[in-house]
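Asks: Sequence and predicted structure are below.
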Amino acid sequence: MSAAVVHAPGADVQLLSLTATADWRAHPDVRAAVAAAALAAGAEPGPALDEVVAAVLSPARYVHAVAGACVGVSASHEAGRTYVAVAPAAVVVDACAMDRWAQVTTAGSRAFTAAERAAVRTPWDAVRAWTALECAVKAGGADLLRPDDRAPLLVPGAHGVPVVPGEGVGLHLVHHAGRLRAVCVRVAVAVGVRVPAPRPAPDRAALALAAVPA
């Protein structure tokens, strides 16, 4: 299982493309990226850094408090790849293959507002809108089937015409199932995500004393 670095928005965001989806949390390149993000967030090198990396990459954990800041990780599976985003912040990533645009358009009949559907004029618009919606869902700021209860996905474009935002979006070409596929990958820093407080370190002296037979 190998990893390739994919362009991501912002100097602090690392985005890796893994060639297998088995256990991305155990991949050495992901662990190295998390360690770098933890150091950027203020973690101390040594055993304390190892504890932060283990905490961030523990099952079902996506964000972890570090020295008054946090480290975030997120993954998305598409076209035989796993895209993993790592940052010294809460982060989300979503990927959608371009050839899924018709499927996305059908799903968007319920997931997008009328204004968003009107702004989706091309297949590229469709997959960009879908990744924006999925990132909002992953960040906890949207319900997939309640489009009128979330923030709009659109931003003002040229001459004030609403368009699907392109910030944080990249196009990744991959060979999958015997053909070349184009994958839209979107990375976004999540705002307002609740970061669980780190657990206090155990009092080793007290634990040792408790282990002594009375």
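Replies: Received it, and whenever you're ready, just let me know what you need.

Asks: Which helix runs longest in the protein?
Replies: If you go by DSSP state H, the chain has its longest helix at helix 123-138.

Asks: Show me the strands in the protein, by range?
Replies: Counting by DSSP state E, one finds strands in the chain at the ranges 3-6, 14-18, 63-66, 69-78, 81-87, 91-97, 155-156, 162-163, 169-176, 179-189.

Asks: other SSEs contacting the third one?
Replies: Pointing back at strand 63-66 there. Applying 3 or more CB pairs under 8 Å, 6 or more residues apart in numbering; DSSP states H and E, one finds that strand 63-66 makes contact with helix 47-56, strand 69-78. C-beta: built from backbone N, CA, C; applies to glycine.

Asks: so of the ones you listed, which one's packed in deepest?
Replies: Per-stretch averages of neighbours, counted by mean count of other CB atoms under 10 Å, single out strand 69-78 among the helices and strands packed on strand 63-66, with a mean of 22.

Asks: For that strand, C-alpha coordinates in PDB please.
Replies: Only the C-alpha atoms of strand 69-78 are listed here, as PDB (Å, rounded to 0.1, in the frame of the first residue of the first chain):
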ATOM      1  CA  ALA A  69      -5.300  23.800  19.400                       C
ATOM      2  CA  CYS A  70      -6.200  20.500  17.600                       C
ATOM      3  CA  VAL A  71      -5.300  18.000  15.000                       C
ATOM      4  CA  GLY A  72      -7.900  16.700  12.500                       C
ATOM      5  CA  VAL A  73      -8.000  13.800  10.100                       C
ATOM      6  CA  SER A  74     -10.600  12.800   7.600                       C
ATOM      7  CA  ALA A  75     -10.900  10.100   4.800                       C
ATOM      8  CA  SER A  76     -13.000   9.600   1.700                       C
ATOM      9  CA  HIS A  77     -13.000   6.400  -0.500                       C
ATOM     10  CA  GLU A  78     -13.500   6.700  -4.300                       C
END
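
Asks: Could you name the helices and strands sitting against it?
Replies: helix 28-41, helix 47-56, strand 63-66, strand 81-87, strand 91-97, strand 179-189.

Asks: Could you list the buried residues of the last one?
Replies: Same thing as strand 179-189. Taking 16 or more other CB atoms under 10 Å as the neighbour-count basis, strand 179-189 is seen to contain the buried residues 181, 183-189.

Asks: Let's test this: mean pLDDT of that strand, rounded?
Replies: This predicted structure assigns strand 179-189 an average pLDDT of 94.

Asks: Please name the residues that touch the nearest residue to G68 once chain neighbours are set aside.
Replies: Taking CB to CB, 6 or more residues apart in numbering, and ignoring the residues beside it in sequence, G68 has G42 as its nearest neighbour in space, at 6.6 Å. With contacts taken as CB atoms under 8 Å, 6 or more residues apart in numbering, G42 has the following neighbours: 66-69.
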